[in-house]
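**Student:** Okay, predicted coordinates and the sequence, questions at the end:
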Amino acid sequence: QLLGDAAQQGQLEADRLRAEVSNLRREVESLRSQKGTIQQAEDVRHQAAAKAQALLDAQAQSLNKENERLQRELEQLRGRLETSRSEQDEGETRLRTSLQNAWQLERGTLQAEVERLRAICDDTSAGEAALRQELRRA
């Protein structure tokens, strides 16, 4: 009887161990499945990161080219601005010189006119004085 109890006890223990092994196998399969899913998700994340990096690199390269183009354009515009300023300075200098020359000419003309009018005034005054003297004699 003791042997039968031990055999029955051994049988129960073996059944329990088989059930535990079966549960552990299912758990291992579940973990392998989860590991595969995690690995796939990691692969997808890695691919997305690689695509994003490639896109960022392409955008950076495009922006660098655009920046270089804008730098060249800026230098051209600075050159044009410098040329325009130089031309403006030259134009202002020519205008100033022209105005000064015109002023000098007009001033000279006005001075000659003043001298002519003074001479006429002096002649008129002398003529008037001469007429007054004649009137006094008469």
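**Tutor:** Alright, I've got the coordinates. These numbers were taken from a predicted model, which means no experiment stands behind them.

**Student:** tally of neighbours for residue 99?
**Tutor:** Other residues near residue 99 come to 10 when the count uses other CB atoms under 10 Å. Bear in mind the C-beta positions are built from the backbone N, C-alpha and C, glycine included.

**Student:** Got phi/psi on it?
**Tutor:** With angles defined as degrees, to the nearest 10, residue 99 sits at phi -60, psi -40.

**Student:** any idea how far it is from residue 113?
**Tutor:** From residue 99 across to residue 113, the span is 20 Å (CB to CB, to the nearest Å).

**Student:** how about the helices in this protein?
**Tutor:** Assigned by DSSP state H, the chain shows helices spanning 2-137.

**Student:** Under the pLDDT cut-off, which ranges of it? List them.
**Tutor:** Low-confidence segments of the chain (pLDDT under 70): 1-3.

**Student:** let's go with 80 and repeat that
**Tutor:** 1-4, 138 (pLDDT under 80).

**Student:** Tell me the buried residues in stretch 55-63?
**Tutor:** Neighbour counts over stretch 55-63 (16 or more other CB atoms under 10 Å) mark no residue as buried.

**Student:** Could I have the CA atoms of that stretch written out in PDB?
**Tutor:** Provided in PDB are the C-alpha atoms of stretch 55-63 (Å, rounded to 0.1, in the frame of the first residue of the first chain):
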ATOM      1  CA  LEU A  55      15.500  63.200 -45.300                       C
ATOM      2  CA  LEU A  56      17.200  65.600 -42.800                       C
ATOM      3  CA  ASP A  57      20.600  65.200 -44.700                       C
ATOM      4  CA  ALA A  58      18.900  65.900 -48.000                       C
ATOM      5  CA  GLN A  59      17.200  69.000 -46.500                       C
ATOM      6  CA  ALA A  60      20.400  70.200 -45.000                       C
ATOM      7  CA  GLN A  61      22.200  69.800 -48.300                       C
ATOM      8  CA  SER A  62      19.400  71.600 -50.100                       C
ATOM      9  CA  LEU A  63      19.500  74.400 -47.500                       C
END
